[in-house]
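*Asks:* need coordinates for the following:
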Amino acid sequence: MDNQKIKELADYVHHAYKDKKEIKKITSDLYPELTIEEAYIIQQELIRQHLEEGHELLGPKMGLTSEAKMKQMNVDDPIYGYVFRHMVEEGDVDISGYIHPKIEAEIAFVLSEDLGGPDVTAFDVLKATKFIIPAIEIIDSRYENFNFTLADVIADNTSAAGVVFGEKHFGPAEFDLDVIGVNLKINGELKDSGTSAAVLGNPVNSVARLARMLSEEGKVIKAGEPVLTGGITAAHLIEKGDHVAVKYSGIGEVSFFVK
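*Replies:* Presented below is the predicted three-dimensional model:
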């Protein structure tokens, strides 16, 4: 794929993000042969465009963090993208800023030191973790009807759109990080539940896997940047007027109104 095509496809997705309008997936007819490697190159161009517009990078996010889902998609690794500071929601969430937003319960890790390399382990992550934060990620694929291939979603920066963080931080040593329970309610109705083991057996494994994946590009997870480790629950559509509340055992609740 030449540079002109990379920019063309990144522009295509970026304009959809800025205009809040659905587009057809890249692999439908624009570039049916899109590979995962090419998709990450498009994602990098997309990130560059965000930075060029003055947006500040907040941190990386993981996706496809279910072992069963990876097997279904015939891949060995999760996927990753990036969240920007302007995507952080505080207070009520204005639905007009999204196309068809869905929410997932997640746990974010913040490190006290940079972490990278091909041999990073879960133990290394625990040593480097400053604190964890309960979070709700708001994903919002730019593609029509949330219909896409794996390569498409990577090129779309893994549907990154918004995030709501809990107000309190917690030390990782305070918990068994693989058994944090989650109840996700919309308008008081339980929509989903699960435990943090849904994320690669333990969300700490997600951070380690990300560090190893980034090392292939000569990158590291930087100290101080929150890492969204992947959905503990399935993704659920939210609409204007909804009240969202997610309770995490031992680490509080994250909630907001949709306006």
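*Asks:* for the chain, which segments count as helices?
*Replies:* 3-19, 36-52, 67-73, 122-128, 150-155, 203-215 (DSSP state H).
*Asks:* just flag whichever of these has the lowest average confidence.
*Replies:* Among the helices of the chain, helix 67-73 carries the lowest mean pLDDT, at a mean of 72.
*Asks:* one step back: which among the helices of the chain is found nearest to residue 191?
*Replies:* Each of those has some distance to residue 191 by CB to CB; the shortest is helix 67-73, at 19.2 Å. Just so you know, the C-beta spots here come from the backbone N, C-alpha and C atoms, and that holds for glycine as well.
*Asks:* picking up where we left off before, the helices of the chain into a markdown table, with extra columns for mean neighbour count and distance to residue 245?
*Replies:* Putting the helices of the chain into a markdown table (neighbours: other CB atoms under 10 Å; distance: least, CB to CB, whole Å) gives the following:
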| stretch | mean neighbour count | distance to residue 245 |
| --- | --- | --- |
| helix 3-19 | 16 | 28 |
| helix 36-52 | 18 | 30 |
| helix 67-73 | 12 | 26 |
| helix 122-128 | 17 | 29 |
| helix 150-155 | 24 | 27 |
| helix 203-215 | 23 | 21 |
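*Asks:* residue 134 is nearest to which of these?
*Replies:* Set against residue 134 and scored by CB to CB, the helices of the chain come closest in helix 203-215, at 11.2 Å.
*Asks:* the closest one to helix 36-52, inter-axis angle?
*Replies:* In terms of direction (axes from the mean of the first three to the mean of the last three CA atoms, to 10 degrees), helix 203-215 departs from helix 36-52 by 90 degrees.
*Asks:* how about the CA coordinates for helix 203-215, as CSV?
*Replies:* Extracted in CSV, the C-alpha atoms of helix 203-215 (Å, rounded to 0.1, in the frame of the first residue of the first chain):
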residue,chain,number,x,y,z
PRO,A,203,-6.4,-7.7,33.1
VAL,A,204,-2.8,-7.6,34.1
ASN,A,205,-2.2,-10.0,31.3
SER,A,206,-3.7,-7.5,28.9
VAL,A,207,-1.2,-4.8,29.9
ALA,A,208,1.7,-7.3,29.5
ARG,A,209,0.5,-8.4,26.1
LEU,A,210,0.2,-4.7,25.0
ALA,A,211,3.8,-4.0,26.1
ARG,A,212,5.0,-6.9,24.1
MET,A,213,3.0,-5.9,21.0
LEU,A,214,4.2,-2.3,21.2
SER,A,215,7.8,-3.5,21.6
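*Asks:* which elements pack onto that helix?
*Replies:* Using 3 or more CB pairs under 8 Å, 6 or more residues apart in numbering; DSSP states H and E as the contact criterion, the elements in contact with helix 203-215 are strand 57-63, strand 79-84, strand 102-111, helix 122-128, strand 227-228.
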